[in-house]
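Student: Quick check, what structure comes out for this input:
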Amino acid sequence: MLSVTVLNYNYARYLPQCLDSILSQTMADFEVILINDCSTDESCAVIQKYLEDPRIRFVDHPSNLGYVGSLIEGCNFSRGKYITVISADDYSLEPDAFESACEVLESDPAISFCYSAWNEVDDTAVVRHTRRAAENDYIMSGEQEFRRLMVSWPVLHSGTVIRRESYLAVGGYDPKCKYSVDTTMWFALCSIGKIAYVDRPLYAYRVHQANMSGRKDTLWTVTEEMLLGIDAAFERFPESAFPDRSDLHRRARQHALLAIAQSDVFAGRIQRGWCGYWIAFRHHPFLTLFQPWSATMLLRTLLGERAYRAFQCFARRSRQRVEPQSISGSHA
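Tutor: As a prediction, this is how the structure comes out:
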């Protein structure tokens with residue numbers, strides 16, 4: 001069985017799309033732990049319409065517990081072999097989303113978690129861009145996935161399915177984390193098992209003004225948590241796991257410094273992206289300035305989305321033309 005925790009705080013306007021996308025799944029064996037964290041909007045009125053469905057277990061907080069506290073509570077209440085969380089402002093894009101992830105997890109008991117490609121959408125559910133980790137489905141070792149996550153964080157929290165046994169083995173979500181609780185979990189799970197990826201956008205992540213990590217005043221707090229999470233993650237692996245441990249650790253910290261800023265710039269939030277860059281530069285000027293992402297962000301800003309994509313296509317074709325010449329030249 002799959003246990004799905006839905007976290008809601010003042011998301012009455014988004015709840016129907018979220019819950020409808022869950023309850024219409026092709027997979028039958030799942031439960032929903034719906035947590036309303038003391039909302040002050042019309043959330044309870046919206047939720048009442050769904051409580052006739054026996055798959056829903058409703059938890060209504062008399063006082064606000066917060067995102068992480070509610071998340072941990074939902075996981076503690078979960079009875080399934082697999083667990084996942086979906087924020088009430090996000091939703092599933094495909095009716096077989098649960099089935100797709102659980103089938104992969106059932107195929108190999110060594111897999112710790114399974115995630116998919118996803119769409120970033122705006123407040124009205126219009127797609128801004130699609131985020132992919134690869135161009136194909138895969139199952140890879142935790143060490144390989146850890147390397148990927150050190151320099152690219154493609155995992156969306158909503159909809160990522162975790163094997164409950166693995167969740168308990170790493171001690172669950174860290175209650176000390178406020179913003180990067182999901183990223184810290186992925187790092188930990190990489191240390192104990194394989195990771196699976198489905199190359200289809202199965203979920204939508206909605207960007208709007210109320211997003212917890214979307215405020216400018218939280219940018220450095222989020223980044224600082226990421227840096228601490230990276231340091232702690234390396235401690236989970238033996239020294240022999242990464243021969244290039246020092247270099248990988250440095251590159252991971254570099255990426256963390258600009259991860260949010262780069263994401264903002266490429267999503268068209270230019271001003272916020274460069275605000276994040278400046279904050280990172282003030283804390284770690286050398287690591288921030290002297291890395292390829294700085295140049296990439298600048299190029300994307302100057303060219304704009306359409307011209308930047310054209311530039312990428314041109315660069316890709318140029319490499320394809322040069323590479324065969326280099327190979328033939330090496331045989332001469």
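Student: Distance of Ser246 relative to Phe234?
Tutor: 10 Å (CB to CB, to the nearest Å). Placement of C-beta: from N, CA and C, glycine included.
Student: the more surrounded of the two?
Tutor: Neighbour totals were compared for Ser246 and Phe234, and Phe234 leads with 19 against 10 (other CB atoms under 10 Å).
Student: Can you tell me the closest non-neighbouring residue to the more buried one?
Tutor: His249 (5.8 Å; CB to CB, 6 or more residues apart in numbering).
Student: element containing the one you found, please.
Tutor: Secondary structure from DSSP states H and E places His249 in helix 245-266.
Student: Now for the residue nearest to Phe234: which residues touch it?
Tutor: His249 is in contact with Ile230, Asp231, Phe234, counting by CB atoms under 8 Å, 6 or more residues apart in numbering.
Student: so where's the longest strand in the chain?
Tutor: The longest strand of the chain (DSSP state E) is strand 194-206.
Student: now Tyr115, what's its secondary structure?
Tutor: Classification of Tyr115 using DSSP: H, G, I helix; E, B strand; the rest coil returns strand.
Student: ugh, typo on my part, it should be Thr130
Tutor: Assigned with three-state DSSP, Thr130 falls in the strand class.
Student: Repeat that for Glu94.
Tutor: Here Glu94 is recorded as coil under three-state DSSP.
Student: who touches the closest residue to it other than its chain neighbours in this structure?
Tutor: With sequence-adjacent residues excluded and distances taken as CB to CB, 6+ apart, Glu94 is closest to Leu202, at 5.2 Å. Taking CB under 8 Å, 6+ apart as the contact definition, Leu202 lies against Ser92, Leu93, Glu94, Ala97, Ser100, Ala101, Ser116, Ala117, Trp118, Gly159.
Student: gap between the residue nearest to the spatial centre of the chain and Ser246?
Tutor: In the chain, the centroid-proximal residue (CA atoms, centre = their mean) is Leu156; its distance is 2.5 Å. According to CB to CB, Leu156 and Ser246 sit 30 Å apart.
Student: Same question for Asp231.
Tutor: Distance of Asp231 to Ser246, computed by CB to CB: 13 Å.
Student: ok so Val59 is a strand residue?
Tutor: Yes. Using three-state DSSP, the assignment for Val59 is a strand.
Student: Please report how far the nearest residue to it once chain neighbours are set aside lies from Val181.
Tutor: Excluding its sequence neighbours, the residue lying closest to Val59 (CB to CB, 6+ apart) is Ile35, at 4.6 Å. In this view, Ile35 and Val181 are 15 Å apart by CB to CB.
Student: ok, these two, which is more surrounded?
Tutor: A side-by-side neighbour count of Ile35 and Val181, using other CB under 10 Å, places Ile35 first with 24 against 19.
Student: show me where the stretch 151-300 of the chain has strands.
Tutor: 161-163, 194-206 (DSSP state E, counting those that start in this stretch).
Student: and the longest one, which residues are buried?
Tutor: Buried residues in strand 194-206, counting neighbours by 16 or more other CB atoms under 10 Å, are found at Lys194, Ile195, Ala196, Tyr197, Val198, Arg200, Pro201, Leu202, Tyr203, Ala204, Tyr205, Arg206.
Student: now stretch 110-130
Tutor: Ile111, Ser112, Phe113, Cys114, Tyr115, Ser116, Ala117, Trp118, Asn119, Glu120, Val121, Arg128.
Student: Check stretch 218-235 too.
Tutor: For stretch 218-235, the neighbour count (16+ other CB under 10 Å) marks 218-220, 222-223, 225-230, 233-234 as buried.
Student: Format those as CSV; extra columns: distance to His255 and pLDDT.
Tutor: Shown next, in CSV, are the buried residues of stretch 218-235 (distance: CB to CB, whole Å; pLDDT from 0 to 100):
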residue, distance to His255, pLDDT
Thr218, 19, 77
Leu219, 15, 79
Trp220, 16, 85
Val222, 14, 86
Thr223, 11, 89
Glu225, 14, 89
Met226, 9, 88
Leu227, 10, 91
Leu228, 15, 90
Gly229, 12, 89
Ile230, 9, 92
Ala233, 13, 91
Phe234, 14, 93
